[in-house]
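In: Quick one: sequence and predicted model below, then my questions.
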Amino acid sequence: IVATHGFDGHREKSWTADNGKLWLRDFLPQALPTARILSYGYDAYTESSLSEQTLYGHAQDFLAKLCISRETGDAKVH
């Protein structure tokens, strides 16, 4: 499972309740104990972003990092 936030979102804050519970970490693993759960973050700020990255560029970057993560088993590919 790869959770990807939307525009102006955040890789952890988008999935965190007001009580601080990150459901990707605190609840989902109990429901799906054999699943690999990843959260992907990218420069998604649309209002004041200095990012030159296009949506297509974000998609390419995401797929490349996901492939590396699958090959290496490293869930924290930067």
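Out: Now that the structure is in, tell me what you want to look at.
In: what residue ranges in the chain score low on pLDDT?
Out: Applying pLDDT under 70 to the chain flags residues 44-52, 74-78.
In: go with 90
Out: Judged by pLDDT under 90, the chain has its weakly predicted residues at 1-15, 36-78.
In: So which residues of it form helices?
Out: Taking DSSP state H as the criterion, the chain carries its helices at 23-26, 28-31, 55-72.
In: To Val2, which of those lies closest?
Out: helix 55-72 (6.7 Å; CB to CB). Where C-beta positions appear, they are placed from N, C-alpha and C, glycine not excepted.
In: elements contacting the closest one?
Out: Contacting helix 55-72 under the criterion 3 or more CB pairs under 8 Å, 6 or more residues apart in numbering; DSSP states H and E are the following elements: strand 38-40.
In: buried sites along the strand it packs on?
Out: 38-40 (16 or more other CB atoms under 10 Å).
In: Please list the residues outside that strand that contact it.
Out: Applying CB atoms under 8 Å, 6 or more residues apart in numbering, the contact partners of strand 38-40 are 1-5, 11-12, 15, 24, 62, 65-66, 69, 75.
In: Tell me the neighbouring strands of it, and mark each as parallel or antiparallel.
Out: Applying DSSP bridges to the sheet, strand 38-40 is found paired with strand 2-4 (parallel).
In: Next, the buried residues of the partner strand.
Out: Result for strand 2-4 [16+ other CB under 10 Å]: buried residues 3-4.
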